[in-house]
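Asks: missing the sequence, but the structure's below:
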């Protein structure tokens, strides 16, 4: 999708959180607490790395520009870390021990062809070793047109159930009470208590504030951005939670199972896939492996048409990095360069 320079400039700012702030007054009124109390509690959530400051995350733009999502199980040397951290097609990487592979990479690409060319250039540019010096990678291709669910903050529903039981929750050794939890919930859902400083963006970009407002409305209408939100520090999960990638072989009632999974708070992402015997893939978030085991058993008992599955466990300590913003920063930079070349 072609965007002009101003739209790209606005996207760059708001996807980095520039100009976005919490509406402390409105949240204070909602929760019946003093503004300074609200601000202090929010600062604590940021300081303890529970959540990140608010942004407009342009997932719609990413999936339009990069219709292909690729999961790669790779055998990489430690020296490849710099490449993983800098490459704008990669938004996450984890250390794993999985057969011959030691790294799981999450990537976005335009087509299978562009992915193949990109891979070949990595070897030519000495960013990764050639085949004779490593085990062959295994790649799984997912179409972003077959996303059944994308709700990065879905886990807040699970946390709310835990809070109702225990009247508090502990994340990253930080205890969250009634006030803290209600602040957390309101910052993660729908962006009702976040506001954008149009005057600040107007001054920075040298355009009228009304233009900023109209451009953001248009980006929303085009479904390139959604409402602003805070996200967990691990994007899809609180910092101490496990992410578990699951491939499912479902032999019957696929749509019924998907409908059930869509309502599950532990699942932020669902893809329909075609990867060998597997026809569905999910990413789920859990406080422990035991929690995942009993959660998983619930579905196995409910649906006997789940014939087999493969699980890849990703603990916080296995994370090399997870940064969705790297994708959008690279995409905006690339589009800006193309506009300059067209002059």
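Replies: Sure thing, it's come through. Every value quoted in this text rests on a predicted model; they were computed, and no experiment measured them.
Asks: and the closest residue to residue 287 other than its chain neighbours, what does it touch?
Replies: Leaving aside its sequence neighbours, residue 287 sits nearest to residue 241 (C-beta to C-beta, 6 or more residues apart in numbering; 5.6 Å). Every C-beta, even on glycine, is put in place using the N, C-alpha and C of the backbone. Going by C-beta atoms under 8 Å, 6 or more residues apart in numbering, residue 241 touches 155, 234, 285-287, 316.
Asks: look up how far residue 174 lies from residue 241.
Replies: Noted for residue 241: a distance of 14 Å to residue 174, by C-beta to C-beta, to the nearest Å.
Asks: with residue 112 instead?
Replies: Residue 112 is 44 Å from residue 174, by C-beta to C-beta.
Asks: now do residue 337
Replies: For residue 337, the distance to residue 174 - C-beta to C-beta - is 42 Å.
Asks: before we move on, what about residue 244?
Replies: 23 Å.
Asks: do I have it right that residue 96 meets residue 104?
Replies: Yes - shown here, residue 96 and residue 104 form a contact pair, counting by C-beta atoms under 8 Å, at 4.9 Å.
Asks: touching both of those two, which residues are there?
Replies: Joint contacts of residue 96 and residue 104 (C-beta under 8 Å, 6+ apart) are 73, 312, 314.
Asks: closest one of the residues you listed to residue 162?
Replies: Taking C-beta to C-beta as the measure, residue 162 sits nearest to residue 314 out of those, at 20.9 Å.
Asks: where does residue 72 land in three-state SS?
Replies: strand (DSSP: H, G, I helix; E, B strand; the rest coil).
Asks: who are the contact partners of it?
Replies: Contacts of residue 72 by C-beta under 8 Å, 6+ apart are 104-105, 107, 137-140.
Asks: name the nearest of those residues relative to residue 329.
Replies: residue 107 (15.3 Å).
Asks: against residue 274, how distant is the closest one?
Replies: 18 Å.
Asks: do residue 29 as well
Replies: From residue 29 to residue 274 the distance is 50 Å (C-beta to C-beta).
Asks: and what of residue 306?
Replies: Residue 306 is 17 Å from residue 274, where distance means C-beta to C-beta.
Asks: more neighbours: which of these two?
Replies: Neighbours per residue, other C-beta atoms under 10 Å: of residue 306 and residue 274, the larger number sits with residue 306, 19 against 13.
Asks: that older thread, who's more crowded, residue 96 and residue 104?
Replies: Set residue 96 next to residue 104 and count neighbours by other C-beta under 10 Å: residue 104 wins out with 20 against 17.
Asks: isn't the more buried one up against residue 313?
Replies: No - between residue 104 and residue 313 no contact is recorded; they are 10.5 Å apart, counting by C-beta under 8 Å.
Asks: do a quick rundown of the helices in the stretch 151-300 of the chain.
Replies: For the stretch 151-300 of the chain, the helices defined by DSSP state H, counting those that start in this stretch cover 156-166, 178-188, 198-205, 209-221, 254-262, 289-302.
Asks: tell me the most buried of those?
Replies: helix 178-188 (a mean of 20; mean count of other C-beta atoms under 10 Å).
Asks: for the protein, which residue is closest to the average position?
Replies: residue 235 (4.9 Å; C-alpha atoms, centre = their mean).
Asks: how close does residue 263 sit to residue 98?
Replies: In terms of C-beta to C-beta, residue 263 sits 30 Å off from residue 98.
Asks: neighbour-wise, which of the two wins?
Replies: residue 98 (15 against 10).
Asks: that one contacts residue 313, correct?
Replies: No - using C-beta under 8 Å, residue 98 and residue 313 do not qualify as a contacting pair, with a distance of 9.8 Å.
Asks: tell me the domain ranges of the chain?
Replies: What the record gives for the chain is the domain set 5-57+177-231+325-342, 68-147, 237-318, from automatic domain parsing.
Asks: can you list those domains in JSON lines and add distance to residue 165 and mean pLDDT?
Replies: Converted to JSON lines, the domains of the chain look like this (distance: least, C-beta to C-beta, whole Å; pLDDT from 0 to 100):
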{"stretch": "domain 5-57+177-231+325-342", "distance to residue 165": "12", "mean pLDDT": "92"}
{"stretch": "domain 68-147", "distance to residue 165": "30", "mean pLDDT": "94"}
{"stretch": "domain 237-318", "distance to residue 165": "13", "mean pLDDT": "96"}
